[in-house]
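> Predicted coordinates and the sequence they were generated for:
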Amino acid sequence: MRILIADDHAMLRGGLKLMLTEAFKDATFGEAESCQQALDAALHQSWALIILDISMPGRGGLDVLKEIRAQRIMTPVLMLSMYAERQFAVRAFRAGASGYLTKASAGTELIRAVERILSGGRYVSTVLAEQLAAVLGDHGSDLLHERLSDREFEILRLIGSGKTVKEIAADLSLSGNTISTYRTRILEKMNLHTNAELTHYAISNNLIE
């Protein structure tokens, strides 16, 4: 059984590999530290499972997942995220994920998640399950942030948390000009005008902690 672990932090990849090795004695592993490496490995090699960080620098894990599915590769993908918010989980499942797991809960839930996915099921923590069912069943939702792309949504949250353009650019390994362009698109799509309005919206809709 071959498992691809895609995350930009070497220590996290090592920790995941150690936990999985103990549970799955026949497992072998591939590693990717960037979105491009993850995409190349997914497209050109065979895997039983891909564990994919949602927030890697550059294109982002959700974009990688969408490209994998666009190429009709149906390898199950477990999205790993630092975000527990249901909005990210919803986006991941809509993009074709087989599971969604926060990094904070990986130590206790990783093996259970992998076992469930490898058996053909989907995995989401109990905490998020009911919320996801409600959101996925609400086809009439017209919340402003639902208009945003995955990357725009991520940047909305970062702006709402008080980060500057420079700080966001550093976090996402993008240029300041690119972040500013995303900000302009976000304001236009949401019919807002200032960072203060974005922050108020994000807080009011529980998009940030």
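It's in.
> And the strands in the protein?
Applying DSSP state E to the chain gives strands spanning 2-6, 28-32, 49-53, 77-81, 99-102, 123-124.
> how about stretch 199-209: buried residues?
Judged by neighbour count (16 or more other C-beta atoms under 10 Å), stretch 199-209 contains these buried residues: 199, 201-202, 207-208. Yep, even glycine has a C-beta here, placed from its N, CA and C like the rest.
> Also stretch 107-127?
109-110, 113-114, 116-118, 123-125.
> mind listing what K103 touches?
By C-beta atoms under 8 Å, 6 or more residues apart in numbering, the contact set of K103 is 12, 80-82.
> Need the worst-confidence member of those.
Across the set of the contacts of K103, M82 stands lowest in pLDDT, at 80.
> does it really touch L101, like I thought?
No - M82 is beyond contact range of L101, at 10.8 Å (criterion: C-beta atoms under 8 Å).
> which one of those two has more residues nearby?
L101 (26 against 11; other C-beta atoms under 10 Å).
> per-residue pLDDT, the closest residue in space to that one that isn't next to it in sequence?
Leaving aside its chain neighbours, L101 sits nearest to A113 (5.2 Å; criterion: C-beta to C-beta, 6 or more residues apart in numbering). We have a pLDDT of 94 for A113.
> Please determine how far A113 is located from L49.
10 Å (C-beta to C-beta, to the nearest Å).
> who touches both of the two?
Taking C-beta under 8 Å, 6+ apart as the contact criterion, the common neighbours of A113 and L49 are L78.
> Relative to A95, how far out is the residue most central in space within the chain?
For the chain, I54 is the residue whose C-alpha lies nearest the centre (C-alpha atoms, centre = their mean; 2.6 Å). From I54 across to A95, the span is 10 Å (C-beta to C-beta).
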